[in-house]
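Novice: Sequence and predicted model, in that order:
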Amino acid sequence: MVLDMDLKADPGELARIALHELFHFVWLRLGNPVRRSWEELVLRQWRHGARGELGWSAEQRLRALRAEDVERRSRRWREYVCESFCDSAAWAFGIVRTHAEFTLEAAFRRERRRWFDEFRRHRHGVFPI
């Protein structure tokens, strides 16, 4: 992982980006049941018309989705789900509370926060946060 040196001047942004990247490793270790739980949450939100995301990485993938991607669980959908997890984790566990990339509506943010709170309670043997 290579991070831009300019990030040293912005500890919050550095933490947000580093957390996002760290959570890619967490995603790989979650196991299918936990990953599916996250996917089900994101799918419910998508079906309820959620717009926006908690980071550019997920947002760009969300914008590229078509209904058939979601229905077929295409690679494009699965990549979006992964990026939404990583961006959401960086938001949930980071120190940055507001950011131009945090465009997901508050109600949907609360649902994601609850998911991560539950995840932390059970830990799933993944990380000691």
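Specialist: Thanks, I have it.
Novice: quick one, what contacts the residue nearest to residue 102 when sequence neighbours are not counted?
Specialist: The shortest distance from residue 102 to any residue other than its chain neighbours is 5.5 Å, reached at residue 54 (CB to CB, 6 or more residues apart in numbering). From N, CA and C alone the C-beta is placed, and that goes for glycine too. Going by CB atoms under 8 Å, 6 or more residues apart in numbering, residue 54 touches 84, 87, 88, 90, 91, 101, 102, 103, 104, 109, 112.
Novice: And residue 54, how far from residue 67?
Specialist: 22 Å (CB to CB, to the nearest Å).
Novice: I'd like the next helix or strand past the helix or strand bottoming out on mean pLDDT in the chain.
Specialist: Per-element confidence for the chain was summarised using mean pLDDT, DSSP states H and E. The lowest value among helices and strands belongs to helix 11-29, with a mean of 90. Scanning the chain past helix 11-29 towards its C-terminal end, the next helix or strand to appear is helix 32-47 (assignment: DSSP states H and E).
Novice: Show me what that following helix is packed up against.
Specialist: With contacts defined as 3 or more CB pairs under 8 Å, 6 or more residues apart in numbering; DSSP states H and E, the packing partners of helix 32-47 are helix 75-93, helix 106-122.
Novice: how does it look with 10 Å?
Specialist: Helices and strands in packing contact with helix 32-47 are listed as helix 11-29, helix 56-64, helix 67-72, helix 75-93, helix 106-122; criterion 3 or more CB pairs under 10 Å, 6 or more residues apart in numbering; DSSP states H and E.
Novice: nearest to residue 73, of the contacts of residue 54?
Specialist: Using CB to CB, residue 84 is the member of these that sits closest to residue 73, with 14.2 Å.
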